[in-house]
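Colleague: Attaching a predicted model along with its sequence, questions to come.
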Amino acid sequence: MDPQTQTTSMQRLQIVEKLAGGVTEEMAYPTGPRKSSLIDIQMMLREEVKRTSEYRPFEKCDYVPRLSNEICCKKLEYIIPQLEEMLQSINESVHTA
């Protein structure tokens with residue numbers, strides 16, 4: 001995701017605050033809240049909570065450390081199955097010996 005399109009925690013908080021204000025306005029209607037509006041607000045709040053709780057270890061850093069970390073993760077994903085095969089092979093050779 002492009003760093004300029006990412007929202008900061010403060011921006012997400014402002015969005016949630018606006019959504020809460022929308023709920024307050026809906027509750028203030030003399031005829032009561034409109035169900036469709038409350039459902040829309042609930043869905044938007046759910047999305048904001050989901051975005052807020054996503055793990056972003058590199059939200060404020062530059063591209064190079066993020067890319068380096070992704071490369072390291074890919075290397076581990078490649079090496080771990082090979083290590084598991086080696087361990088299994090060693091265990092089999094120990095048990096047959």
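Modeller: Here it is on my side, so go on.

Colleague: Could you list the low-confidence segments of the chain?
Modeller: Filtered on pLDDT under 70, the chain yields the residue ranges 1-7, 52-63, 97.

Colleague: Helices of that one, residue ranges please.
Modeller: 9-28, 35-53, 63-96 (DSSP state H).

Colleague: Mean neighbour count added to those, as TSV?
Modeller: (Glycine included, C-beta is placed from N, CA and C.) Listed next are these as TSV, based on neighbours: other Cβ atoms under 10 Å:
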stretch	mean neighbour count
helix 9-28	12
helix 35-53	12
helix 63-96	10
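
Colleague: where's Leu19 relative to Lys50, distance?
Modeller: For Leu19, the distance to Lys50 equals 14 Å [Cβ to Cβ, to the nearest Å].

Colleague: Actually, Thr8.
Modeller: For Thr8, the distance to Lys50 equals 16 Å [Cβ to Cβ].

Colleague: again with Leu13
Modeller: 15 Å.

Colleague: try Lys74
Modeller: Applying Cβ to Cβ to Lys74 and Lys50 gives a distance of 26 Å.

Colleague: again, but for Leu38
Modeller: Separation of Leu38 from Lys50 (Cβ to Cβ) stands at 19 Å.

Colleague: likewise Thr96?
Modeller: 51 Å.

Colleague: same deal with Glu17?
Modeller: From Glu17 to Lys50 the distance is 17 Å (Cβ to Cβ).

Colleague: chain center to stretch 30-40, what's the gap?
Modeller: Its chain's average C-alpha position is 29 Å from that of stretch 30-40, according to Cα atoms, centre = their mean, to the nearest Å.

Colleague: cool, stretch 64-71 as well?
Modeller: Counting by Cα atoms, centre = their mean, stretch 64-71 is centred 18 Å from the centre of its parent chain.
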